[in-house]
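J.: Next input, structure requested:
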Amino acid sequence: MKFEKSQKLYEKGLVHLVGAVNSPVRAFSSVGGNPLFIKKAKGTKITDVDGNEYVDLVLSYGPMILGHRHKKVQKAISKALKKGYSFGASTKNEIKLAKIVCDAFPGMDKVRFVNSGTEAVLSGIRLARAFTGKDKIIKFSGCYHGHQDALLVAAGSGLATLSLPGSKGVPEGAVKNTLIAGFNNLESVKKHFENDDNIAGVIIEPIAGNMGVVIPQDNFLVELKAYLETKGALLIADEVMTGFRSKFGGAQEILGVEADITCLGKVIGGGFPVGAYGARNEIMQEVAPLGGMYQAGTLSGNPIAMASGIATLKELKKQNPYAEFEEFSSILEVILLETAKKYDVDLVVNRFGSMVNPFFRKGEVTNFEEAQESDTKKFAVFFWEMIKNGVFLPPSQFESWFLSSALTKKDLEKITKAIDLAMRKVADSF
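T.: Reported below is the predicted structural model:
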């Protein structure tokens, strides 16, 4: 494969774009080399500016769950475009999409649309504080909830009681009300409550997707929710990544827990910039114009995004591809593990619904510390060999692979061949 045009665009992009990208996750920093520039996509395939075609397992980091440019979604977008792009006023489709979303999540009576997952989370946290009258929030090490100041914190060594900023430009004051706990470690949550009575709630990805796919163990979420109820604190579920990926609704229902506030993004806009947060009536009554918690967005409920979201979720419900997702992801897990064993490469695979993640290490991965023990150098070799053999992966050991309902057995055959070649390359390189 040649990447000459991508290279030229990268060099040109350096002039007026920061690092030639608009998000650090596109920069390929952790795998070496320069980012690929994409020209088009259709179905399960994505094509770069050099004409190289790949089976896409990034899927815009999740939202293209039907594959790219699904004909019904495309039709809905085209129809909406003819009526106007943005009104700064209410439309009927906002009500229609709100009903679809609320019906999919038990305990969600009302929803507020925003423009991104980051917006959804920061608003959900503000809502938890408004409802409880308390200030502090607990987050888990390794869980990412957008680039807002209060959540860009690192745990340091062990379970730090005091949070430290994880980004330049974030003052210590911005994170003074953020506490860090360990994923799958309820005792680390309890310790915070034992020392502090000003905690509004806990935010968590029900299935962590930003330290790789990490799954709650031994009823962790159920026990967490039960404990929070005894403390008068709220559970905030960040389902920006997991929403509609394991069932028509959220991962929390599969895991047997009902969050007080749920944050969504990605898929409910069918690929357009959309987010949402929702809860039962008594909590949502706090949001303006009904209550005193102010949150607004001029472009929230954008008519094109609403049309795309409605078409995507209607088609997704009709297809009900979740059994197929489970079948394909289980096959992919077996292929990865058997190929790794064939070439004597240490590998463990975590998966949930249509999310899959191989970690280059021995032993299970149940938290951020274990995920960080993965061999990122081996992943980098694996990544580029997969690219060269026509499979587009997230350029990070710690990002989930995503499946779409458009995936075919022929695609799986191509992925299988690429995995064999990539795993052999890893074995030969180390």
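J.: Please enumerate the helices of the stretch 101-250 of the chain.
T.: For the stretch 101-250 of the chain, the helices defined by DSSP state H, counting those that start in this stretch occupy 117-132, 186-195, 220-231.
J.: other SSEs contacting the last one?
T.: Contact partners of helix 220-231 among helices and strands, from 3 or more Cβ pairs under 8 Å, 6 or more residues apart in numbering; DSSP states H and E: helix 186-195, strand 199-204, strand 234-238. For every residue, glycine as well, the C-beta is placed using N, CA and C.
J.: ok, now the longest one?
T.: For helix 117-132, the helices and strands in contact under the criterion 3+ Cβ pairs under 8 Å, 6+ apart are strand 110-114, strand 136-140, strand 199-204, strand 234-238, strand 261-265, strand 275-279, helix 281-284.
J.: Reformat those as CSV; add mean neighbour count, distance to Gln397 and mean pLDDT.
T.: Shown next, in CSV, are those (neighbours: other Cβ atoms under 10 Å; distance: least, Cβ to Cβ, whole Å; pLDDT from 0 to 100):
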stretch, mean neighbour count, distance to Gln397, mean pLDDT
strand 110-114, 23, 30, 98
strand 136-140, 23, 19, 95
strand 199-204, 26, 21, 98
strand 234-238, 27, 21, 97
strand 261-265, 29, 23, 97
strand 275-279, 28, 26, 98
helix 281-284, 16, 37, 98
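J.: Who are the contact partners of the residue nearest the centre of the chain?
T.: Nearest to the geometric centre of the chain sits Met241, at 2.8 Å (Cα atoms, centre = their mean). Listed by Cβ atoms under 8 Å, 6 or more residues apart in numbering, the contact set of Met241 reads 61-62, 117, 205, 207, 209-210, 265-266, 355, 400.
J.: winner for burial among the helices of the stretch 101-250 of the chain?
T.: With neighbours defined as mean count of other Cβ atoms under 10 Å, the helices of the stretch 101-250 of the chain peak in mean count at helix 117-132, which reaches a mean of 24.
J.: Which residues does the closest residue to Val101 other than its chain neighbours form beta bridges with?
T.: Distances taken as Cβ to Cβ, 6 or more residues apart in numbering place Val111 nearest to Val101, at 5.3 Å, with adjacent residues excluded. The bridge-partner assignment for Val111, based on DSSP bridges, gives Gly278.
J.: what's the domain layout of this structure?
T.: According to automatic domain parsing, the chain comprises the domains 4-69+321-429, 71-319.
J.: these two touch, right, Val121 and His147?
T.: No. Look at Val121 against His147 with Cβ atoms under 8 Å: they stay out of range, at 10.0 Å.
J.: So which residues of the stretch 301-430 of the chain form strands?
T.: For the stretch 301-430 of the chain, strands defined by DSSP state E, counting those that start in this stretch occupy the ranges 348-352, 355-359, 391-392, 401-402.
J.: and the domains of the chain, which one's lowest on average pLDDT?
T.: Mean pLDDT per stretch puts domain 71-319 lowest among those, at a mean of 92.
J.: how long is that one from one end to the other?
T.: 14 Å (Cα to Cα, to the nearest Å).
J.: related to what we said a few turns ago, turn the contacts of Met241 into JSON lines, including distance to Val25.
T.: Formatted as JSON lines, these follow (distance: Cβ to Cβ, whole Å):
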{"residue": "Tyr61", "distance to Val25": "8"}
{"residue": "Gly62", "distance to Val25": "12"}
{"residue": "Gly117", "distance to Val25": "13"}
{"residue": "Glu205", "distance to Val25": "16"}
{"residue": "Ile207", "distance to Val25": "19"}
{"residue": "Gly209", "distance to Val25": "12"}
{"residue": "Asn210", "distance to Val25": "10"}
{"residue": "Gly265", "distance to Val25": "15"}
{"residue": "Lys266", "distance to Val25": "14"}
{"residue": "Met355", "distance to Val25": "16"}
{"residue": "Ser400", "distance to Val25": "12"}
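J.: how near is Ile77 to Ala307?
T.: From Ile77 across to Ala307, the span is 6 Å (Cβ to Cβ, to the nearest Å).
J.: Look at the two and report which has more neighbours.
T.: With neighbours defined as other Cβ atoms under 10 Å, Ile77 and Ala307 compare such that Ala307 has more, 26 against 18.
J.: contacting residues around the nearest residue to the more buried one once chain neighbours are set aside?
T.: Once flanking residues are discounted, Ala307 sits nearest to Ala80: 3.7 Å by Cβ to Cβ, 6+ apart. Going by Cβ under 8 Å, 6+ apart, Ala80 touches 93, 303-304, 306-308.
J.: where's Gly13, which helix or strand?
T.: Gly13 belongs to helix 4-16 when assigned by DSSP states H and E.
J.: Buried residues of the helix or strand just after that helix, list them for me.
T.: The helix or strand immediately downstream of helix 4-16 is strand 38-42, counting by DSSP H and E. Judged by neighbour count (16 or more other Cβ atoms under 10 Å), strand 38-42 contains these buried residues: 38, 41.
J.: try stretch 257-274
T.: For stretch 257-274, the neighbour count (16+ other Cβ under 10 Å) marks 257-274 as buried.
J.: Tell me, how many residues neighbour Leu407?
T.: Neighbour tally, Leu407, other Cβ under 10 Å: 24.
J.: for Glu239, same thing?
T.: 30.
J.: and it, how far is that from Phe113?
T.: From Glu239 to Phe113 the distance is 15 Å (Cβ to Cβ).
J.: Where does Ile65 sit, in terms of helix or strand?
T.: Short version, using DSSP H and E: Ile65 is in no helix or strand.
J.: and if you look at the one 10 residues further on?
T.: For Lys75, the element it lies in under DSSP H and E is helix 71-81.
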